[in-house]
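S.K.: pasting the structure only:
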DNA sequence: TATAAGCTTGACTTTTTTAGTAAGGTATAT
DNA sequence: ATATACCTTACTAAAAAAGTCAAGCTTATA
Ligand code: FES
Ligand code: FES
């Protein structure tokens, strides 16, 4: 019953982007990597997917980095997880869309209804958290982060 | 975002036990294995855990097999999944109890609250389905199963 | 316009987990 | 006795996850 680290890393990374969102400045991977202690090369993979799924855009060259495409209040954790995991179904059988391997007993299988409901509720739950929520909560829990963001700003001006 | 097959197999297997529950007869692994097309040796592992977690009891020798310890209406899918997966936490950090590797940033991490809530809702959801529910639903979806159970009875008398 | 910051792409490797096998045992109804 | 069925430990193959490597491409800016 585990998400891959892509999701947890991805959410943490996007919280950083959300915090920077108002400042209209892209955040380079290296910064997130340092801050969050996540392998930079691995983060690149993650951001690649996020970009392909249209959640972030990239700005190349010096001063570049990644930025959210939409307002953080408009992006839910569900979207992030879907972008990175591809699905939220707890079993193969109930793949929903075109996930290979159709299960032969699906017509007469009662347990599939459990898994379907479970997927529904997960979607609902993750849909309830926006990146703005989490960014706000982060600044509450870790005021140091706010300060750091300020400093970062100053160092650039 | 997947459960292991242990959970889906386990739930399916226990539905069979639930169907047989009223008839007060243990079900041997071989039968379930045949019916559900699940490797018998693998099922043994699964029933082992279910037994250790107190969900089923075993009767040895000819005419033996496994039977539910409690009434099917009193056993939820959540219990089954917990017995077989050990946990329902979507990430390592939020291990709840004594799952090794304490995460160092847990104090200041906002996303942990998402994962915690997610675990809560999964528990809630799976807790809402009892084995009796699923047994009943199975007989609705697959009347052949009811008939087969009857025949099985007759063949023994 | 040279440089370096930063993204892009695809393949590759390592580690961990999952899904099973294999083999030999023990209890018990008939 | 014997066949049925559970019990236990160990092993293995395959898949997935986590992470690395290498070589490029864009673009701001000095
Ligand atoms: S739908 Fe595949 S086993 Fe239930
Ligand atoms: S609690 Fe471990 S990273 Fe959030």
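M.R.: Arrived safely. Everything numeric in this text was worked out from a predicted model, so none of it was measured. Residues are numbered from 1 along each chain as shown, chains lettered A, B, ... in the order given. Ligands and ions are numbered 1, 2, ... in the order given.

S.K.: ranges for the helices of chain A?
M.R.: Ranges of helices in chain A, per DSSP state H, are A:5-21, A:29-36, A:40-52, A:77-85, A:111-127, A:131-141, A:143-156.

S.K.: My read is that residue A:74 contacts residue A:130, right?
M.R.: Yes - applying C-beta atoms under 8 Å, one finds residue A:74 in contact with residue A:130, separated by 7.2 Å. The way it works is simple: take the backbone N, C-alpha and C, and place the C-beta from them, glycine included.

S.K.: who's more crowded, the two?
M.R.: Neighbours were counted for residue A:74 and for residue A:130 using other C-beta atoms under 10 Å in any protein chain shown; residue A:130 has more, 19 against 12.

S.K.: who does that one bridge with?
M.R.: On the basis of DSSP bridges, residue A:130 takes part in beta bridges with residue A:76.

S.K.: how much space between it and residue A:92?
M.R.: 30 Å (C-beta to C-beta, to the nearest Å).

S.K.: Need the helices of chain A in a markdown table (columns: distance to chain B).
M.R.: Formatted as a markdown table, these follow (distance: least, C-beta to the nearest C-beta, whole Å):
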| stretch | distance to chain B |
| --- | --- |
| helix A:5-21 | 5 |
| helix A:29-36 | 8 |
| helix A:40-52 | 14 |
| helix A:77-85 | 5 |
| helix A:111-127 | 5 |
| helix A:131-141 | 4 |
| helix A:143-156 | 8 |
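
S.K.: can I get the ones you listed in a markdown table with mean neighbour count and mean pLDDT?
M.R.: Compiled in a markdown table, the helices of chain A are given as follows (neighbours: other C-beta atoms under 10 Å in any protein chain shown; pLDDT from 0 to 100):
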| stretch | mean neighbour count | mean pLDDT |
| --- | --- | --- |
| helix A:5-21 | 23 | 97 |
| helix A:29-36 | 16 | 96 |
| helix A:40-52 | 16 | 98 |
| helix A:77-85 | 22 | 98 |
| helix A:111-127 | 19 | 98 |
| helix A:131-141 | 19 | 97 |
| helix A:143-156 | 12 | 67 |
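
S.K.: Grab the nearest non-local neighbour of residue A:55.
M.R.: Once flanking residues are discounted, residue A:55 sits nearest to residue A:83: 5.7 Å by C-beta to C-beta, 6 or more residues apart in numbering or on different chains.

S.K.: That neighbour contacts residue A:51, doesn't it?
M.R.: No - with contact defined as C-beta under 8 Å, residue A:83 does not count as touching residue A:51 (9.3 Å).

S.K.: Residue A:115 against residue A:87, yeah?
M.R.: No - using C-beta under 8 Å, residue A:115 is not in contact with residue A:87, being 11.7 Å away.

S.K.: Quick one: end-to-end distance for stretch A:44-61.
M.R.: Stretch A:44-61 has an end-to-end distance of 15 Å (criterion: C-alpha to C-alpha, to the nearest Å).

S.K.: Do any residues in it lie close to DNA strand C?
M.R.: Yes - using C-beta under 7 Å from any atom of the strand, stretch A:44-61 reaches DNA strand C at A:44-45, A:47-48, A:51, A:58-61.

S.K.: before we move on, what about stretch A:23-39?
M.R.: Yes - Stretch A:23-39 reaches DNA strand C (C-beta under 7 Å from any atom of the strand) through A:26-30.

S.K.: Spit out the contact partners of residue A:133.
M.R.: residue A:73 (C-beta atoms under 8 Å, 6 or more residues apart in numbering or on different chains).

S.K.: if I look at it, how far off is residue A:14?
M.R.: Counting by C-beta to C-beta, the gap between residue A:133 and residue A:14 amounts to 12 Å.
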